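Colleague: Need the 3D shape of this:
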Amino acid sequence: MTKISKEPEQKPEIILQYQGGSTLDQMTGTYSSQRATKQWHTKLFYHSLDVIALNSYIIWKRHHLIPGPQKTTNRRKFLKNLCYEIITPQMERRAQQVVLKTHIKEAFITMRIATPIASGETPPASGRQKCHICKIVSRTRCSKCIRFICAKHQVKTILCQNCHDNQ
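Modeller: Numbering: from 1, shown residues only. The predicted structure is shown next:
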């Protein structure tokens, strides 16, 4: 049987002894990843992300105490850096793909994940195009700059001569 306190709020005794729940809710509510959903497992996943992010911030803050006048790192900046650290390896792998949608390439360029194509060119969508060196029609692309190259200008690893020379 649960013991109820005699205070005006009449909360269970365990809640009065452990006040961490309201602090957790308050701190995770400030920067939350939760979205409106009716699926319980999705809500649980988002809540777990929030709690994990908060715990990692608390641990990071405790290990990075600076002596003297302290400048505390903003939790928002910490979460932003945490997100970038988590997604950057996947984005770098994805940037290596030859065929990517234009808006994804532009996002990678903006975030400095992938290098922009030389001289501001945008690669043709697909199919056959002229080699960017000698204008012979080809279906093969350079795996580094994604421009079309003919068999004459291919190197064994399917790089155009410009990209091969820059290695």
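
Colleague: Now for the residue nearest to residue 142 when sequence neighbours are not counted: which residues touch it?
Modeller: Spatial nearest neighbour of residue 142, chain neighbours left out: residue 160 (4.0 Å); criterion: Cβ to Cβ, 6 or more residues apart in numbering. For the C-beta atoms, the positions are set from N, CA and C on the backbone; glycine is no exception. By Cβ atoms under 8 Å, 6 or more residues apart in numbering, the contact list for residue 160 reads 132, 133, 142, 144, 145, 147, 149, 153, 154.

Colleague: Just those residues: which are in strands?
Modeller: Here DSSP state E is the test, and the contacts of residue 160 give no hits in strands at all.

Colleague: Now for these, which sits with the most neighbours around it?
Modeller: residue 149 (27 neighbours; other Cβ atoms under 10 Å).

Colleague: Pull the distance from the top helix by length along the chain to the chain's centre.
Modeller: Using DSSP state H, we find that the single longest helix of the chain is helix 40-63. Centroid separation between helix 40-63 and its chain, computed with Cα atoms, centre = their mean, to the nearest Å, is 16 Å.

Colleague: Residue 76: neighbouring residues, count only.
Modeller: Residue 76: 10 neighbours (other Cβ under 10 Å).

Colleague: tell me which element it is part of?
Modeller: helix 75-95 (DSSP states H and E).

Colleague: Quick check: buried residues in the next helix or strand after that helix?
Modeller: Sequence-wise, the next helix or strand downstream of helix 75-95 (DSSP H and E) is helix 102-110. Residues of helix 102-110 classed as buried by neighbour count (16 or more other Cβ atoms under 10 Å): 105, 108.

Colleague: Helix 102-110 packs against which elements?
Modeller: Judged by 3 or more Cβ pairs under 8 Å, 6 or more residues apart in numbering; DSSP states H and E, the packing partners of helix 102-110 are helix 75-95.

Colleague: hmm, back to that, just want the angle from the longest helix of the chain to helix 75-95.
Modeller: Relative orientation of helix 40-63 versus helix 75-95 (axes from the mean of the first three to the mean of the last three Cα atoms, to 10 degrees): 110 degrees.

Colleague: what's helix 40-63 packed up against?
Modeller: helix 20-30, helix 75-95.

Colleague: could you dump those to a markdown table with mean pLDDT and distance to residue 113?
Modeller: Shown next, in a markdown table, are the helices and strands packed on helix 40-63 (pLDDT from 0 to 100; distance: least, Cβ to Cβ, whole Å):
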| stretch | mean pLDDT | distance to residue 113 |
| --- | --- | --- |
| helix 20-30 | 76 | 29 |
| helix 75-95 | 86 | 5 |
